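>>> Test case, fold it:
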Amino acid sequence: MTTAPTAPGPPRSGPPRSGAPAPDDLAARAAELVRDAVLGDLARRVVADCGADVGLVGVPEPEVAGPGAEGMVLRHWAGTRADLLHGLAVPAGTGLGGRALAERAPSWVPDYRAATTISHHYDAAVTAEDLYAMLTVPLLHRGAVHGVVYASLRAVVPFGDVRIGAVTRLAEAATLALAGAAAWCGAPAAADPAPRGPRPSAPSVLPAPPAPPLTRREHEVLRWAATGRTNPEIAAQLGLTCNTVTGYLKSAMHKLGVRNRTELALAARESGLLD
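Numbers count the residues shown, from 1 in each chain. Take a look at the predicted model:
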């Protein structure tokens, strides 16, 4: 894990010493410190807020997989008992995290060791931690991956929409914090080819796209579904039948162009429907 920076000394007057860091070096160092703080907190919150036994965050490091290839290293963790996952290099496409990195999409398995849809390069490290169920979510911003967060459990269980949604929301919040910190420190976003301009006075966030035309009932059902409520709970809250709730959710999914409740909640949040 990263160590806390030492407290700065008193300000010095006069011109900077010849060995003093350049402003761009200071900005890059500040962005790095913010990134470590955000990703370290993300690993801890996956355990504290999402009910995972182990939280991990991989940080992109291209040299892991060689020239022209993607890869990452597990740099932050919470809840681990052994150290085989600490500092583990994961090229894109390998294991569950490497799959999320390559596909730019969340991925999960109820039993990592028995899964047939992933490679098994890291079974020894996973077994040492006694992990089974695993979810990985990439931290995406403008097509660039800022990291991959893992939520793992020491039991064979399926991942439901509530837990997937909770981890995804944490990943989104961390991604926005990283992008905002990079902009504030003057560092260009990883996938933004535009040259760096004047530093903004505060981290910026892209405006949300316009909201699709949902009906009042669709909007009500959507807002309850985004909190993790089940269809029977929503039906009881709004005085509707379960079939009616299902119909409203399907209609909202169709209008937003999504396939499941997790994608529905993300699309609604990005469209400003949950504000």
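>>> His86: neighbouring residues, count only.
If you count neighbours by other CB atoms under 10 Å, His86 ends up with 15. C-beta coordinates here come from the backbone N, C-alpha and C atoms, glycine included.
>>> which one is it nearest to, not counting chain neighbours?
By the measure of CB to CB, 6 or more residues apart in numbering, the closest residue to His86 outside its immediate chain neighbours is Trp77, 6.2 Å from it.
>>> residues in contact with the one you found?
Residues in contact with Trp77 (CB atoms under 8 Å, 6 or more residues apart in numbering) are Met1, Ala43, Val54, Gly55, Leu56, Val57, Leu85, His86.
>>> Most neighbours among those, please name it.
Counting neighbours by other CB under 10 Å, Leu56 leads the contacts of Trp77 with 30 neighbours.
>>> who does the helix or strand hosting it touch, helix- and strand-wise?
Element membership of Leu56, judged by DSSP states H and E, is strand 54-60. With contacts defined as 3 or more CB pairs under 8 Å, 6 or more residues apart in numbering; DSSP states H and E, strand 54-60 has these neighbours: helix 23-50, strand 71-78, helix 95-103, strand 144-152.
>>> what's the closest of those to Leu222?
Closest approach to Leu222 among the helices and strands packed on strand 54-60 (CB to CB): helix 23-50, 21.7 Å.
>>> relative to strand 144-152, how tilted is that closest one?
Between the axes of helix 23-50 and strand 144-152, defined by axes from the mean of the first three to the mean of the last three CA atoms, to 10 degrees, the angle is 30 degrees.
>>> Make CSV out of the helices and strands packed on strand 54-60 and add mean pLDDT and distance to Arg217.
Compiled in CSV, the helices and strands packed on strand 54-60 are given as follows (pLDDT from 0 to 100; distance: least, CB to CB, whole Å):
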stretch, mean pLDDT, distance to Arg217
helix 23-50, 84, 30
strand 71-78, 96, 41
helix 95-103, 93, 35
strand 144-152, 93, 33
